[in-house]
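Trainee: From the sequence below, what's the structure:
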Amino acid sequence: MEKTYSLTAHYDEFQEVKYVSKYQSGTLPNGFSLQLGAGAKKRRGGLPRWSRREVCLLSGLVFAAGLCVILTCMLVLKYLAAEGDSYCLEGCQEKKAFLRASRFLSANMDASIDPCQDFYSFACGGWLRRHGIPEDKVVYGTIGAIAEQNEAKLRALLSRPVRRRARASAERKVKEFFRSCLDRAEIDRLGPRPMLEVIGECGGWDAPPDRRDINELLYKTQGVYSAAVLFSLTVSLDEKNTSRYIIRIDQDGLTLPERTLYLGQDEESEKILAAYRVFMERLLTLLGAEHVEQKAQEILQLEQHLANITVSEYDDVRRDVGSMYHKVTLAELQRITPTHLPWQLKWKRLLDRIFHDNFSEEEEVVLLATDYMHKVSDLIRVTPSRILHNYMLWRIVVVLSEHLSTPFRDAIHELSKEMEGNEKQLELGKICLSQANKHFGMALGALFVEEHFSSASKAKVQQLVEDIKYILDQRLDELDWMDEETRRAARAKLRYMMVMIGYPDFLLKPEAIDKEYEFEVDEKTYFKNILNSIAFGIRLSVKKIRQEVDKSAWLLPPQALNAYYLPNKNQMVFPAGILQPTLYNPEFPQSLNYGGIGTIIGHELTHGYDDWGGQYDRHGNLVHWWTERSYSKFLKKAQCIVNLYDNFTVYNQRVNGKHTLGENIADMGGLKLAYYAYQKWVREHGPEHPLHHMKYTHDQLFFIAFAQNWCIKRRSQSIYLQVLTDKHAPEHYRVLGSVSQFEEFGRVFHCPKNSPMNPVHKCSVW
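Mentor: Have a look, this model is predicted:
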């Protein structure tokens, strides 16, 4: 009989070989038999008598035979183990991943709720019940958990020793910048002094009349400190000729996030305005200003005048890019905005200084707010120069005060708490990580992708994108409201669309990253580091005006937990930061990946064809490529979505269907495209194994994964601002509005006709 041996057992038994005579018929330990040679001597009783030499020889033979058995068994075990590991890699690994997915989904759900009545509460009820909002946050959700994971990875990377210590090293700079931000003792020791130096260089509060020069102060605000006053001044793609950059001028200069907050139209806006007034007085006091209450009141009144002439970003006029776009020469711009001494705005002189150039009077700029600029010039003319001067200084203070000592940050937190409700300030490490992301995004991103994003993931997501694009191409043939001419233009736009995934390739070259940050950084001078970064950013921006357009440039660093579609480049970008579990996990079932990151990819793709992105052609130029017949039908279908969301309310506030239209079209379109792309995947690869301990089909899991993207809690105070300023609908309605209008959802969940999630009349664009 064969046996399985351990190495230790073998060793013990072979110690007994000297007692071999006790075994009958030549049987040795462990069942081996030995044929004795013909010359073996016999003992009395028929047993051979062995000499000492024969015993030694026999022992050697037994040892050799046993060793062979041991080695053979070890090889067999190793082979079996390897086979088992191989099986586990293919089977057990998937089983473990599916089990994790099952636990995640189940924990977030509330299966006691009928999905046909309230799918959001069904998919997210468990998560909402188990989670609160951290004290330092305004909003928290499943995506917030991904953000926390990414932040932990980034902070670990920043804490490691510098590998490239050269003076030009971007890695050294981002890590020293981070440490300079963490040095709260030094920042507090300096107090307001860094900001007082800036104010002094700009003439100080209540500068004497001979030091009040609007063009000098405009140069410093816009061209040195990147603070928008009265208007914004940027270098952007020329949206009617995206092969070149152009200077763009637009309305700007308010500190609060929406013009209506200055107008005191309701109790909530009055409360925010009062908190803003307190904030102004606190900062002015910290900065040594005199007559603080008077100054705060004068600056606030000027901002209120600006708010009165500013058009809301959510007004129809601001959504029609073509109607806003006006290309004018500098000479024409000077005539459009006439002002009078001593505050005569001299455009050529201002732009020459900022751009280190000598523009001709025929240099063209794009003016996006002609009527506003007329009114601004009138406001400049009637406002005392002292107040204009103090207002512009205040706008610089607003930009830079977050980088000052603890009393300044406390004041900022108090205003934020009043506006949005966060109970506790962010801890210093989180603040400094945020600043490192803002000022050294690509340098930090290079460290992130090196360790936390593989080329294999990049390839898999690329295939997912291609599947979703393929479905949109098919959908174009199925749209009965689109004529053939418009269909051809839409298909051309799809084929020209640039997709960028993970990270830009230059991040693999350290020397290329270094060139992105050619300014000085010292771990003992945080405020100076900020000024150096701002100045360098302005230099890069102004240099673009004479450069060739790089349409492959990224707006976000790769660690960003975000994605975007850029209409003037016809470009979609999905950074590595959003391609993380649980939105995307290559080990999870594909139903969850298509329902998770797939619906976000579909969302961004649909932005190319919403009420905003649809104004741009395949090259990113502002061109009306629709026939009037198709565009009229598109607007009619879009109006159905406006009406749908207009009927949603949150905390007695009505959702603005027109304001959120683009995002709602993208949510609905993205859900459909991703669902049909998943069906394509199943046809090509076969059905997926069911998830353990879950009774739901993978088609149902697709929709559950989509909804769980948006399991989110918000502080009640922040909802007022969200409805007022966010172009996205509240998360609850992003889910309900999308699934209820998709015929396939009702079929998959067997929802009765005219149930809340399966109305008879549905809105549909794409």
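Trainee: A strand includes residue 501, no?
Mentor: Yes. Assessed with DSSP: H, G, I helix; E, B strand; the rest coil, residue 501 lies in a strand.
Trainee: Would you check that it makes contact with residue 578?
Mentor: No. Using Cβ atoms under 8 Å, residue 501 is not in contact with residue 578; the gap is 10.2 Å. To be clear about C-beta, it is placed using only N, CA and C from the backbone, and glycine gets the same treatment.
Trainee: State whether residue 203 is indeed within a strand.
Mentor: No. Read with three-state DSSP, residue 203 is coil and lies in no strand.
Trainee: Quick check: closest non-adjacent residue to it.
Mentor: Residue nearest to residue 203 in three dimensions, not counting chain neighbours: residue 211, with 4.4 Å by Cβ to Cβ, 6 or more residues apart in numbering.
Trainee: do residue 625 as well
Mentor: Nearest to residue 625 is residue 489, by Cβ to Cβ, 6+ apart, at 4.2 Å.
Trainee: can you count the residues close to the one you found?
Mentor: Residue 489: 18 surrounding residues under other Cβ atoms under 10 Å.
Trainee: And it, how far from residue 496?
Mentor: Counting by Cβ to Cβ, to the nearest Å, the gap from residue 489 to residue 496 is 11 Å.
Trainee: for residue 464, same thing?
Mentor: Taken as Cβ to Cβ, the span from residue 464 to residue 496 is 20 Å.
Trainee: just residue 169 next, same as before
Mentor: If you measure residue 169 against residue 496 using Cβ to Cβ, the figure is 38 Å.
Trainee: what about those two, which has more around it?
Mentor: Ranked by neighbour count (other Cβ under 10 Å), residue 169 and residue 496 place residue 169 first, with 21 against 13.
Trainee: Just to check, the more buried one is in contact with residue 516?
Mentor: No. Look at residue 169 against residue 516 with Cβ under 8 Å: they stay out of range, at 11.8 Å.
Trainee: how's the chain carved up into domains?
Mentor: 7-96, 109-137+454-504+552-748, 194-425 (automatic domain parsing).
Trainee: Turn those into JSON lines, columns for distance to residue 185 and mean pLDDT.
Mentor: Shown next, in JSON lines, are the domains of the chain (distance: least, Cβ to Cβ, whole Å; pLDDT from 0 to 100):
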{"stretch": "domain 7-96", "distance to residue 185": "47", "mean pLDDT": "43"}
{"stretch": "domain 109-137+454-504+552-748", "distance to residue 185": "22", "mean pLDDT": "94"}
{"stretch": "domain 194-425", "distance to residue 185": "10", "mean pLDDT": "93"}
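Trainee: which of the ones you listed is buried the deepest?
Mentor: Mean neighbour count (mean count of other Cβ atoms under 10 Å) peaks for domain 109-137+454-504+552-748 among the domains of the chain, with a mean of 19.
Trainee: Let's see the distance spanning that one from one end to the other.
Mentor: Distance across domain 109-137+454-504+552-748, first residue to last, is 17 Å (Cα to Cα, to the nearest Å).
Trainee: mind listing what residue 633 touches?
Mentor: Residue 633 is in contact with 481-482, counting by Cβ atoms under 8 Å, 6 or more residues apart in numbering.
Trainee: and with 6 Å instead?
Mentor: Going by Cβ atoms under 6 Å, 6 or more residues apart in numbering, residue 633 touches residue 481.
Trainee: From residue 479, how far off is it?
Mentor: According to Cβ to Cβ, residue 633 and residue 479 sit 9 Å apart.
Trainee: same check, this time on residue 468
Mentor: Relative to residue 479, residue 468 is positioned 17 Å away (Cβ to Cβ).
Trainee: do the same with residue 602
Mentor: Distance, residue 602 to residue 479, using Cβ to Cβ: 16 Å.
Trainee: same deal with residue 402?
Mentor: For residue 402 relative to residue 479 (Cβ to Cβ), the value is 48 Å.
Trainee: and what of residue 523?
Mentor: Counting by Cβ to Cβ - residue 523 and residue 479 are separated by 58 Å.
Trainee: same deal with residue 708?
Mentor: Residue 708 is 30 Å from residue 479, by Cβ to Cβ.
Trainee: now swap in residue 567 and tell me
Mentor: 20 Å.
Trainee: who does residue 364 bridge with?
Mentor: Counting by DSSP bridges, residue 364 is bridged to residue 329.
Trainee: coming back round to it: how would you label the residue nearest to residue 625: helix, strand or coil?
Mentor: Note that with three-state DSSP, the state of residue 489 is helix.
Trainee: didn't it look like it was pressed against residue 626?
Mentor: No. Contact criterion Cβ atoms under 6 Å: residue 489 and residue 626 do not qualify, at 7.4 Å.
Trainee: which residue packs closest to residue 141, ignoring adjacent ones?
Mentor: residue 712 (3.2 Å).
Trainee: Backbone dihedrals for that neighbour, both of them.
Mentor: Phi and psi for residue 712, reported as degrees, to the nearest 10, are phi -140, psi 140.
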